[in-house]
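> Sharing a sequence plus its predicted fold:
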Amino acid sequence: MIRIKNFNVPFNDQSPINDLVAKRLKLPPQHIDEVVIVRKGIDARRYKGAPIYFVYILDVKVNIAENKVLARLKKDKNVEIVTTKKADKINCQKSKTSRPIIIGFGPAGMFSALVLAKNGYRPLIFERGSDVDTRHQDIEKFWQGGQLKENSNVQFGEGGAGTFSDGKLTTRINDSKITDVLEAFVEAGAPPEIKYLHKPHIGTDILRIVVKNIREKIKALGGEIFFNSQVTDFIIKDDKICGVEINHKEKFTASDVFLGIGHSARDTYELLYSKGISMEAKPFAIGVRIEHPQDLIDKAQYGEDYKSELLPVADYSLTYNNRQKGRSVYSFCMCPGGQVVAAASELGRVVVNGMSNYKRNSGIANSALLVNVTPDDFGHNVLDGIAFQRHYEEMAYICGGRNYHAPVQTVGDFLKDKVSDDNFLVEPTYKPGVKICNLRECLPDFTTQMLAEALPNFDKKIPGFAGEHVVMTGVEMRSSAPCRIIRNRQTYMSENIKGLYPIGEGAGYAGGIMSAAVDGVNAAYAYIENIIE
Ligand code: FAD
């Protein structure tokens, strides 16, 4: 294969890719057999008046000798010959007689289950929430003003926390298993372009189908999944896991248990702590969601081309640092063309997040604006972060009117520390409803101070970002886990309980769908290969 890197194509050049490649390689088009897109990103910097480009990495199959093609492009560092790497062989060391247990069917649990099932280990999966269809109905009812179901909501249920999300698959980790995860998603019905887009996303509508298909695949391979099945106790003997108790009733024995509980299972964290499992407090973040007309963001990123249908809806990534204070404000989980969602999982508490459909066509952009918090802010005891989260979620519930409506405020009012304006630039999308409040009442002082410093700075980067009537909704709290379940780097096993594998976001070793999924894959391989210290 010949690889072409940094291949810039003006976004509005709609020539067939084979023709563009032939020109780039100085070949007649009939010598190009196949072009595979390895990566496609967008360069919208418009440096010195340059157009907006799609930037490709392409693998090209030609029907003449590759070295002859390269000989003509000698000085071109962006063209090279590449060989495809063979997949690593898995060395199944672990006996297949006993069945491993997996707790939680979010990305971490799902992908560890998939790897185990594919290799002949028939995992038993326990998920406290409902299957994705029932869960969808429960969430819709809650958003229409019904009761919050404590075990079937935006955090809990089949697919885990990210099922009702934007389904962004971007990650900062660099791990060869990323390709495997993306391939599994595509096999289960995700759009094929996620394999090469620089910023891939699935959207909640497609993700719900994908999750079901992965579940069926695991079942077809011999795995079993039990919904509405909360792990309520861990059976531990001589520092070794021996099984779990489900819904305070049934007991299941197992010598190996994967713990993929996510960042919101506060009761399970309390249980683990009471059992003496090694854990520590860790930093996380707190803030608000901000909403803008999607056009405002598109215009800032794409300039005069912002209306072009050839360009995807634009996103952004903003950061502001105050080194003296050791704090930063950053945009997080930006959802173009999406909506703000009620993401509570505990009664009497309000917490927000964001999601979008595959088409990202709501016309409204939202993003979290978060400020980092550390154990110095809330306490160094393992469960102090949870108490801090609960306190501010309760404040938001009270400010919102004690009916799961969320507190909202315009940026203008927030900066002036007053409550008056209901003239929103876009109507807040949070359901079941909102109440105009002073967001300062449900955020710590250091957070409001940092947001007040950062907003004018962000406005310079995206004109209108901190406009008078831009709406903010509170509070955002579940961007990462408040504690870590300490494990061994090689074996993936708990530091002090043999056979217990803490995985994914809840264990404190991942942040986001992709890194949680990859963590689940790696832990499953460590188990299969029976890696010992
Ligand atoms: P989770 O997905 O949280 O799964 C844990 C599962 O364990 C849950 O289903 C839970 O019900 C179950 N569980 C917990 N305790 C027990 C118990 N005791 N017994 C049995 N089951 C239990 N990330 C992205 O990368 N891109 C995004 O676009 C994105 N958007 C998001 C939008 C929203 C609204 C939310 C809430 C999150 C979003 N995230 C996003 C974050 C992402 O969802 C998480 O990082 C990811 O889901 C973590 O995976 P996990 O498997 O570790 O945990």
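On my side now, so go ahead.

> for the helix or strand harbouring residue 340, what is the average pLDDT?
Per DSSP states H and E, residue 340 falls inside strand 339-342. For strand 339-342, mean pLDDT is 98.

> Direction included, what does that strand pair up with?
Paired neighbours of strand 339-342 in the sheet (DSSP bridges): strand 352-355 (antiparallel).

> Dump the C-alpha coordinates for the partner strand into CSV.
The C-alpha atoms that make up strand 352-355 are tabulated as CSV, following Å, rounded to 0.1, in the frame of the first residue of the first chain:
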residue,chain,number,x,y,z
VAL,A,352,-27.2,18.1,33.7
ASN,A,353,-25.3,16.7,30.8
GLY,A,354,-25.6,16.8,26.9
MET,A,355,-26.6,14.6,24.1
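
> distance between the strand holding residue 340 and the chain's centre?
15 Å (Cα atoms, centre = their mean, to the nearest Å).

> Dump the C-alpha coordinates for it into CSV.
The C-alpha trace of strand 339-342 is given here as CSV (Å, rounded to 0.1, in the frame of the first residue of the first chain):
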residue,chain,number,x,y,z
GLN,A,339,-29.8,19.2,23.7
VAL,A,340,-29.1,19.5,27.5
VAL,A,341,-30.4,16.5,29.4
ALA,A,342,-31.5,15.8,32.9
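
> if you look at that strand, does any of it touch the ligand?
Yes - with Cβ under 6 Å from any ligand atom as the measure, strand 339-342 is seen reaching the ligand through residue 341. All C-beta atoms are positioned from the backbone trio N, CA, C, and that covers glycine.

> Got the domain ranges for this protein?
2-81, 101-280+483-528, 283-476 (automatic domain parsing).

> Now tell me what touches the helix or strand bottoming out on mean pLDDT in the chain from outside.
The least trusted helix or strand in the chain, going by mean pLDDT, DSSP states H and E, turns out to be helix 66-71, with a mean of 92. Helix 66-71 is contacted from outside by 1-2, 25, 27, 62, 79-81, using Cβ atoms under 8 Å, 6 or more residues apart in numbering.

> Of the residues you listed, just say which sits nearest to residue 37.
residue 1 (12.7 Å; Cβ to Cβ).

> what about the closest residue to the closest one other than its chain neighbours, distance to residue 4?
Distances taken as Cβ to Cβ, 6 or more residues apart in numbering place residue 59 nearest to residue 1, at 4.5 Å, with adjacent residues excluded. Going from residue 59 to residue 4 by Cβ to Cβ, to the nearest Å gives 8 Å.

> returning to what we had before: among the contacts of helix 66-71, which pair sits farthest apart?
27 and 80 (15.9 Å).

> Let me see the mean pLDDT of stretch 355-375.
97.

> And it, end to end?
29 Å (Cα to Cα, to the nearest Å).

> and that stretch, which residues are buried?
The neighbour-count check on stretch 355-375 (16 or more other Cβ atoms under 10 Å) flags 355-358, 360, 362, 364-373, 375 as buried.

> anything in stretch 360-373 sitting right up against the ligand?
No - figure legend: stretch 360-373 not in contact with the ligand (Cβ under 6 Å from any ligand atom); closest approach 9.5 Å.

> chain center to that stretch, what's the gap?
Using Cα atoms, centre = their mean, the offset of stretch 360-373 from its chain centre is 13 Å.

> before we move on, what about stretch 305-322?
That offset, for stretch 305-322, works out to 19 Å (Cα atoms, centre = their mean).

> is that stretch anywhere near the ligand?
No - residues of stretch 305-322 are not located near the ligand by Cβ under 6 Å from any ligand atom, the shortest gap being 11.0 Å.

> Name the residues that touch that stretch?
11-12, 14, 42, 44, 51-52, 199, 294-295, 297-302, 327-331, 334, 336-337, 360-361, 365, 367, 450, 453-454, 457-458, 461-462, 465.

> Between the two ends of that stretch, how far is it?
34 Å.

> Just send the domains of the chain back as a markdown table, with distance to residue 90 too.
A markdown table is the format used below for these (distance: least, Cβ to Cβ, whole Å):
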| stretch | distance to residue 90 |
| --- | --- |
| domain 2-81 | 25 |
| domain 101-280+483-528 | 6 |
| domain 283-476 | 33 |
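
> what's the closest of these to residue 93?
When those are ranked by proximity to residue 93 (Cβ to Cβ), domain 101-280+483-528 comes first, at 7.1 Å.

> And that closest one, end to end?
Domain 101-280+483-528 has its terminal residues 13 Å apart, counting by Cα to Cα.

> Show me how far that domain is from its chain's centre.
13 Å.

> now the end-to-end length of stretch 43-54.
End-to-end distance (Cα to Cα), stretch 43-54: 6 Å.

> If we go by neighbour counts, what in it is buried?
Buried residues in stretch 43-54 (16+ other Cβ under 10 Å): 44, 52-54.

> ok, of those, which one's closest to the ligand?
residue 44 (20.9 Å; Cβ to the nearest ligand atom).

> how about the closest residue in space to that closest one that isn't next to it in sequence, what does it touch?
Spatial nearest neighbour of residue 44, excluding adjacent residues (Cβ to Cβ, 6+ apart): residue 52 at 4.8 Å. Residue 52 is in contact with 10-11, 42-44, 46, 302, 305, 311, counting by Cβ under 8 Å, 6+ apart.

> Nearest to the ligand, out of the residues you listed: which one, please.
Using Cβ to the nearest ligand atom, those come closest to the ligand at residue 42, 18.4 Å.

> Run through who's touching the longest strand along the chain.
The residue-count maximum for a strand in the chain (DSSP state E) belongs to strand 32-43. Contact with strand 32-43 is made by 1, 3, 8, 11, 17-18, 21-22, 25, 52-63, 193, 196-199, 311-312, as judged by Cβ under 8 Å, 6+ apart.
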